[in-house]
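A.B. asks: Let's see this in three dimensions:
(2 chains)
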Amino acid sequence: MNIEEINHLAKLSGLELDPHQTKQVSMELENILSLVAELQSVDTTGVEPLFHPIAVIEPLSQALRMDIVSEDNNRINNMLSAPISHEGLYLVPKVIE
Amino acid sequence: MSWHEKSLTELSSALSAKEISSVELTQFFLGRIAKFKGLNAYLDVQEEFSLRDALVADQKIARGEAGPLTGIPVAHKDVFVTKDWKSTAASKMLESYLSPYDARVVELLGGSGAGMVCLGKTNMDEFAMGSSNENSAYGPALNPWNTNYVSGGSSGGSAVAVAAGLTPIATGTDTGGSIRQPAAFCGITGIKPTYGSVSRYGMIAYASSLDQAGPMGKSAKDCALILNAISGHDPRDSTSLRKDAIDYQALLGKPWSNGSLPLQGLRIGVPEEYFAQGLQEEVREAVQAALKKFEELGATCISVSLPKTKLSIPVYYVLAPAEASSNLSRYDGVRYGYRAKEYKDLNQMYERSRSEGFGAEVKRRILIGSYVLSQGYYDAYYLQAQKIRRIIAEDFQTAFTQCDVLMGPVAPQVAWKVGEKSKDPVEMYLEDIYTLSPNLAGLPAMSIPCGMSQQGLPIGLQVIGNYFSEAKMLQVADQFQQNSSWHLLAPSSAGAQI
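C.D. replies: Alright, predicted model coming up:
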């Protein structure tokens, strides 16, 4: 995996890597990818992917509820752990000049 | 017998007979937690909240409103969110996070439910990613049998707390072995039920199609009691199963059949792949001795095959990181969690907050997850892994046509030395070989103590059951524990300073 690929991956992951970390991570990811390369050795023609394990034994349907408000307004408590807030609003760096 | 050596049933009787109050019992355990702080089993302890809950429990007991768990202390893995204790998932990302609500498991066991008293939050690998507890941002929980060794992971703190008598029972979660492997390394009993049995509401998400909560305690009996209290449908978890309640205690103490021996007629499947190359000799011997014990109790061992066992490692290390990369995208430094100090714009704020807030293993898994989900690789990795996952699950169903339960080792070896495997992530991943498949298939699986290594480190036996067969698994494990004493060994009996 070259530097550009790692940087692209970091971008997709919302992570910032310094040049030293990029080198280290590149090596580690290579090792992990060679571990998972074995997947390609299996013939899975005609096999359906399994996204929910219990679907092996019984059909499952998507759990849905009525589209009604189920939670109380808990704004103050929900915002207690915000890194920076002001008058009930989350503060972030300016996005529109 | 000291209070920390008693079973949940014994503690319950002592509380109702007024031999001890819940406040006194809570103080007793808080005292032990302080005394053995060096084990690093707990990440947050708030005495006043524990004692407040104990007082409420004592009032319930006095009014005659107590249930079988009222007033008994419990420790929660830090992956469950709690209103009164910090909820960090052992990450710097959540170091000051206070949840506005309690997880369903916490709610069910606490004051509004079974009336247990929370002692605090236990250490773990960051976001439950790890097999040794060394990925905790707050240092590893240490193995009480020998503190130079790891406790296992990711629910290492819970395993240490139970093994060292710092709580009568604890909760854990298991995505790829995180209840069973630390239970094995610390010599306790732990069970991961069928996927969807216990609500994931308020359980900080790692890999949602694999994550499942369960109890970690001194015996199968104690675990059954807790499982009864925490399982059941929860509309707030979309993957929670709509099933009639199972009584996990129903078969405890009952014989398997009408035969003369307690487990007569039980067919134990022994997967040959679980005894292949790489299994430590001492572990093999201990597991085989346990199987022999089961035969003495009337069971029959049958050799079976789970041909894709080795592939469970690549399948898991594609699927779990894929789900993790998606689940952990919520940590952006805006609504909660860590925010970097310096940044020049919004994107840099996201990236720096995440880079500084997450540990190395978490970042690795996010990167791998993004890779296997990205355009051009999705089919070859993610989809292919989901297909092999189905083959793995179907292989189990084939095996269960020949047997009632499967048994084998939990891990290829006993606990390793702190630092021994932390340099090479892949080396650590390979240690998960026997525990990953049940998660991929969603099957219930448990770990019970079955021996000790020459160095004095515990060895675990894994019991894997078919879907919803937990009551039978607990029955079988309990029969073994009624006829053996491995689960009664404690670090103190081995001379450790516990």
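
A.B. asks: Can you list the buried residues in the lengthiest helix in chain A?
C.D. replies: Using DSSP state H to define each element, chain A has its longest helix at helix A:19-36. Within helix A:19-36, the residues that qualify as buried are A:21-22, A:25-26, A:28-29, A:32-33, A:35-36, counting by 16 or more other Cβ atoms under 10 Å in any protein chain shown. Any C-beta I mention is one placed from the backbone N, CA and C, and that applies to glycine too.

A.B. asks: Contact partners for the closest residue to residue B:163 other than its chain neighbours?
C.D. replies: Spatially, and ignoring its direct neighbours in sequence, residue B:163 is nearest to residue B:186 (4.0 Å; Cβ to Cβ, 6 or more residues apart in numbering or on different chains). Listed by Cβ atoms under 8 Å, 6 or more residues apart in numbering or on different chains, the contact set of residue B:186 reads B:143-145, B:151-152, B:156, B:159-160, B:162-163, B:415, B:458.

A.B. asks: how close does residue B:186 sit to chain A?
C.D. replies: Remark: distance between residue B:186 and chain A (Cβ to the nearest Cβ, to the nearest Å) = 27 Å.

A.B. asks: what about the residue of the stretch 301-450 of chain B found nearest chain A, distance to residue B:241?
C.D. replies: Residue nearest to chain A within the stretch 301-450 of chain B (Cβ to the nearest Cβ): residue B:442, separated by 2.6 Å. Separation of residue B:442 from residue B:241 (Cβ to Cβ, to the nearest Å) stands at 10 Å.

A.B. asks: of these two, who's got more company?
C.D. replies: Higher neighbour count among residue B:442 and residue B:241: residue B:442, with 28 against 21, using other Cβ atoms under 10 Å in any protein chain shown.

A.B. asks: What are the boundaries of the helices in chain A?
C.D. replies: Under DSSP H, chain A gives helices at A:3-13, A:19-36, A:75-78.

A.B. asks: Can you add mean pLDDT and give these back as JSON lines?
C.D. replies: Below are those laid out as JSON lines (pLDDT from 0 to 100):
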{"stretch": "helix A:3-13", "mean pLDDT": "94"}
{"stretch": "helix A:19-36", "mean pLDDT": "93"}
{"stretch": "helix A:75-78", "mean pLDDT": "91"}
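
A.B. asks: quick one on the thing from earlier: quick one: which of the contacts of residue B:186 is nearest to chain A?
C.D. replies: Of all the contacts of residue B:186, chain A sits closest to residue B:152, with 21.0 Å by Cβ to the nearest Cβ.

A.B. asks: burial of that closest one, as a residue count?
C.D. replies: Neighbours of residue B:152 (other Cβ under 10 Å): 35.

A.B. asks: hang on, the earlier thing: could you export the helices of chain A as TSV, including distance to chain B?
C.D. replies: What follows is those, written out as TSV (distance: least, Cβ to the nearest Cβ, whole Å):
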stretch	distance to chain B
helix A:3-13	4
helix A:19-36	4
helix A:75-78	4
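
A.B. asks: right, and those - which one's nearest residue B:401?
C.D. replies: For those, proximity to residue B:401 was assessed by Cβ to Cβ; helix A:19-36 is nearest, at 30.5 Å.

A.B. asks: contacting residues around the closest residue to residue B:139 other than its chain neighbours?
C.D. replies: Nearest residue to residue B:139, sequence neighbours excluded (Cβ to Cβ, 6+ apart): residue B:40, at 5.4 Å. The contact partners of residue B:40, by Cβ under 8 Å, 6+ apart, come to B:123, B:138-142, B:157, B:160.

A.B. asks: One more pass at 10 Å, please.
C.D. replies: B:122-123, B:133, B:136, B:138-142, B:147, B:151, B:156-157, B:160 (Cβ atoms under 10 Å, 6 or more residues apart in numbering or on different chains).

A.B. asks: Among those, which lie within strands?
C.D. replies: residue B:122 (DSSP state E).

A.B. asks: Reformat the contacts of residue B:40 as CSV; add pLDDT, neighbour count and distance to residue B:476.
C.D. replies: Converted to CSV, the contacts of residue B:40 look like this (pLDDT from 0 to 100; neighbours: other Cβ atoms under 10 Å in any protein chain shown; distance: Cβ to Cβ, whole Å):
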residue, pLDDT, neighbour count, distance to residue B:476
B:122, 98, 33, 28
B:123, 98, 32, 31
B:133, 98, 33, 29
B:136, 98, 26, 33
B:138, 98, 19, 37
B:139, 98, 13, 37
B:140, 98, 27, 33
B:141, 98, 35, 29
B:142, 97, 25, 32
B:147, 96, 19, 33
B:151, 98, 34, 26
B:156, 98, 37, 26
B:157, 98, 36, 28
B:160, 98, 36, 26
